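> I would like the atomic coordinates for the input below:
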Amino acid sequence: MTFLDSVRERAAASRRRIVFAEGDDPRTIAAARRLAAEGVVTPILIGPCADSIEGVEVHMPGDNACRTRTMGALLDARSARGLTEAQAAVHADSRLMAANALVRLGLADGCVAGAVHATGDVIRAALWLLGPAPGVRTVSSAFYMAVAPFRGTHAEVLTFTDCAVVPQPDASQLADIAIAAADDRRRIVGDEPCVALLSYSTRGSGSGESVEKVQAAVAEIRRRRPELTVDGDLQGDAAIVEGVATRKAPGSSVGGRANVLVFPDLDAGNIAYKLVQRLAAAQA
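Predicted structure coming up:
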C-alpha cells in the first residue's frame with residue numbers, strides 16, 4: 001500500500017466533513033466528486049458550483065444564511081482585536097472566510113484551499129478564524145514527498161519543511177518548525193521522525209551566520225524535546241545517504257537515516273521540493 005493509499009484508507013475510516021473553499025475551480029469540483037463517490041470524506045463546496053453533485057453539499061457565500069454565519073464567526077474571532085461589523089461585512093463574501101467559518105463553528109472538520117488562492121491568503125483566513133494550535137508559536141508548512149526507493153527496496157515519504165511560509169526563520173523559529181514537522185509526521189505518516197537540520201555545512205565543516213543559526217536551533221530542540229532524534233548541521237547527502245554520513249558525520253544518530261528535512265530558509269526549502277518533485281518524479 002502506498003502512502004497516499006494509506007491516507008485515503010484512514011480518512012475513509014473516520015469520514016470527516018471537509019470544506020473546499022474553491023468550489024468554482026474545475027479541479028476542486030472533480031476532486032469533491034471523486035471523494036464523495038469513493039467515500040473518503042464528506043465534501044462541502046463553497047460555490048458557485050454549476051452542477052449538483054451527489055453526496056456533496058454546496059454553500060453559496062453570497063446568500064444571506066452564509067453571510068450571516070460568516071460575519072458572526074468573524075466578529076466572534078476578531079472583534080476583540082478591533083474588527084468592526086462593517087469590516088466583517090466586507091470579508092463575509094470571501095470564500096476562504098466562509099469555509100473557515102464552517103470549521104470554526106464545528107460544521108466542518110477541516111478546510112482545503114490553495115488551488116486558486118495564494119498561500120498567504122489561505123493562511124490568513126485560517127489564522128483569523130481558527131488560529132494556531134495550542135503551544136504553536138510559529139506557523140509553518142510541511143510537504144510530504146513520496147519518493148521512489150533510494151536507500152532500500154521500498155518507496156519512502158520524506159517531510160520537507162518549511163517550504164511555503166517563513167522566509168527567514170531565526171534559530172527559535174527554526175526549532176519551532178522542526179518540532180511541528182516531527183509531531184505532524186507521527187500523526188500523518190505514522191513512523192518515528194528522524195530530523196536533520198540542513199546546511200551547506202556538516203558538523204561545522206563550513207562556517208557562517210546560517211550555519212550558526214542551524215546549530216543554535218538544534219541545541220534548542222534538544223533542550224525542549226530531548227526525546228526527538230535530531231542532528232545538524234548536516235548537508236543534504238549526509239542526512240539521507242548512509243555511506244556519505246559515515247564519512248562526513250560518523251556517530252550521528254540521524255546521518256543517512258533522516259526522514260524529516262528542515263531547511264534553513266524558505267529559498268532552500270521551496271527550491272528543493274520543486275526540484276525533487278520535477279527531477280525525481282516525486283509526489284508532493
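> Can you classify Val214 by secondary structure?
helix (DSSP: H, G, I helix; E, B strand; the rest coil).
> if I read this right, it contacts Ile177, doesn't it?
No: applying C-beta atoms under 8 Å as the test, Val214 and Ile177 come out as separate, 11.6 Å apart. For every residue, glycine as well, the C-beta is placed using N, CA and C.
> Could I get the full set of strands for the protein?
Remark: strands assigned in the chain by DSSP state E are 17-20, 42-46, 57-59, 110-112, 143-147, 156-161, 194-198, 229-234, 260-262.
> Tabulate the ones you listed in CSV, adding columns for mean neighbour count, mean pLDDT and distance to Ala36.
Shown next, in CSV, are those (neighbours: other C-beta atoms under 10 Å; pLDDT from 0 to 100; distance: least, C-beta to C-beta, whole Å):
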stretch, mean neighbour count, mean pLDDT, distance to Ala36
strand 17-20, 22, 97, 11
strand 42-46, 24, 95, 5
strand 57-59, 19, 91, 10
strand 110-112, 19, 97, 14
strand 143-147, 20, 96, 24
strand 156-161, 23, 97, 26
strand 194-198, 27, 98, 37
strand 229-234, 26, 97, 40
strand 260-262, 30, 98, 33
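> quick one, which of those is nearest to Ile188?
Nearest to Ile188, of all those, is strand 143-147, at 6.7 Å by C-beta to C-beta.
> Would you mind writing the CA trace of the closest one as PDB?
Presented in PDB, the C-alpha positions along strand 143-147 are these (Å, rounded to 0.1, in the frame of the first residue of the first chain):
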ATOM      1  CA  PHE A 143       5.400  18.900   2.300                       C
ATOM      2  CA  TYR A 144       5.200  15.100   2.300                       C
ATOM      3  CA  MET A 145       7.400  13.900  -0.600                       C
ATOM      4  CA  ALA A 146       6.600  10.400  -1.800                       C
ATOM      5  CA  VAL A 147       9.800   9.300  -3.400                       C
END
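> Quick one: neighbours of Ala89, just the number.
By the other C-beta atoms under 10 Å criterion, the neighbourhood of Ala89 contains 14 residues.
> now it: how far from Met71?
Per C-beta to C-beta, to the nearest Å, Ala89 is found 6 Å from Met71.
> what does Ala125 give?
Ala125 sits 14 Å away from Met71, taking C-beta to C-beta as the criterion.
> More neighbours: which of these two?
Ala125 (24 against 20).
> for the closest residue to that one other than its chain neighbours, what are its contacts?
Excluding its sequence neighbours, the residue lying closest to Ala125 (C-beta to C-beta, 6 or more residues apart in numbering) is Leu96, at 3.8 Å. Leu96 sits next to 21, 113, 117, 121-122, 124-125 when contact means C-beta atoms under 8 Å, 6 or more residues apart in numbering.
> Quick one, which of these are buried?
21, 113, 117, 122, 125 (16 or more other C-beta atoms under 10 Å).
> Would you reformat those as CSV and include pLDDT and distance to Val189?
Below are those laid out as CSV (pLDDT from 0 to 100; distance: C-beta to C-beta, whole Å):
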residue, pLDDT, distance to Val189
Ala21, 96, 26
Ala113, 96, 23
His117, 95, 27
Val122, 96, 23
Ala125, 96, 27
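> mind listing the helices for the chain?
Secondary structure of the chain (DSSP state H): helices at 3-14, 26-38, 64-78, 85-91, 95-104, 119-129, 171-188, 209-224, 236-240, 242-248, 266-279.
> Relative to Arg137, which of those helices is closest?
Nearest of the helices of the chain to Arg137, taken as C-beta to C-beta: helix 171-188 at 5.4 Å.
> Could you export that closest one as CSV, CA atoms only?
Taking C-alpha atoms only, helix 171-188 is exported to CSV below (Å, rounded to 0.1, in the frame of the first residue of the first chain):
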residue,chain,number,x,y,z
ALA,A,171,17.0,29.9,15.3
SER,A,172,14.0,29.7,17.6
GLN,A,173,11.6,29.7,14.7
LEU,A,174,13.6,27.0,13.0
ALA,A,175,13.3,24.9,16.2
ASP,A,176,9.5,25.5,16.2
ILE,A,177,9.3,24.4,12.5
ALA,A,178,11.3,21.2,13.1
ILE,A,179,9.3,20.3,16.2
ALA,A,180,5.9,20.9,14.5
ALA,A,181,7.0,18.8,11.4
ALA,A,182,8.2,16.0,13.7
ASP,A,183,4.9,15.9,15.6
ASP,A,184,2.8,16.0,12.5
ARG,A,185,4.8,13.3,10.9
ARG,A,186,3.9,10.9,13.7
ARG,A,187,0.2,11.6,13.1
ILE,A,188,0.3,11.7,9.3
